[in-house]
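S.K.: based on what follows, work out the 3D shape:
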Amino acid sequence: MTDNGNMNRKTYNASCHCHAVEFTVKLSDEFNTIRRCTCSYCSMRGAVAVSAQLTDITITKGENQLSEYQFNSGTAKHFFCGTCGIYTHHQRRSNPKQYGVNVACIEGVSPFDFEEVVVYDGVNHPSDQQSGPRTAGFLRFSKK
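M.R.: Below you'll find the predicted structure:
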């Protein structure tokens, strides 16, 4: 146990494609929170994200290389490398106390490591609907 009562969690190393941005992350529930979203931005971005608390990401290199993008309600903050353009993480609109972290940025992890990824309905966002997250479907990957 750590001082705050949480179980010890593994620290992962992560970076953008060009390594101008590097960071460490402790995931909220390992890879059990993987997801995609159907909102306009996430649909175009296409990344698989996993959850981390705001305090569990540490930018170790290139914080000044991060660019931020906000749209619509302005609640979510999407971060990407200003050099290679890779999305690294975002502060969630559905839970502003969490980051969604691009699993492809985590060392040794690929979005294709997961047989099934839940896709949440971001078009009808829970914050707009006064409801919990709704599942829009699932992405499935099977190896030959």
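S.K.: V118: neighbour count?
M.R.: Neighbourhood size, V118 [other Cβ atoms under 10 Å]: 17. (C-beta placed from N, C-alpha, C; glycine too.)
S.K.: now name the helix or strand holding it.
M.R.: Assigned by DSSP states H and E, V118 belongs to strand 116-120.
S.K.: who are the packing partners of that strand?
M.R.: Packing partners of strand 116-120 (3 or more Cβ pairs under 8 Å, 6 or more residues apart in numbering; DSSP states H and E): strand 35-37, strand 135-140.
S.K.: got the angle between that strand and strand 135-140?
M.R.: Angle, strand 116-120 to strand 135-140, by axes from the mean of the first three to the mean of the last three Cα atoms, to 10 degrees: 160 degrees.
S.K.: ok, and what's touching strand 116-120?
M.R.: For strand 116-120, the surrounding residues in contact (Cβ atoms under 8 Å, 6 or more residues apart in numbering) are 34-38, 48, 111, 133-141.
S.K.: avg pLDDT for the longest helix seen in the chain?
M.R.: When the chain is parsed with DSSP state H, its longest helix is helix 40-45. In this model, helix 40-45 carries a mean pLDDT of 89.
S.K.: may I see the buried residues of that helix?
M.R.: Y41, C42, R45 (16 or more other Cβ atoms under 10 Å).
S.K.: which SSE is immediately downstream of it?
M.R.: Counting by DSSP H and E, what follows helix 40-45 is strand 49-53.
S.K.: give me the neighbour count for R35.
M.R.: R35, neighbours per other Cβ under 10 Å, totals 19.
S.K.: specify the beta-bridge partners of the residue nearest to it when sequence neighbours are not counted.
M.R.: Leaving aside its sequence neighbours, R35 sits nearest to V118 (Cβ to Cβ, 6 or more residues apart in numbering; 5.2 Å). Beta-bridge pairing for V118 (DSSP bridges): R35, F138.
S.K.: can you pull the contacts of S43?
M.R.: Applying Cβ under 8 Å, 6+ apart to S43 gives the contacts C37, G122.
S.K.: ok, back up a step: and the strand holding V118 with strand 49-53, angle?
M.R.: Using the same axes, to 10 degrees: strand 116-120 against strand 49-53 is 70 degrees.
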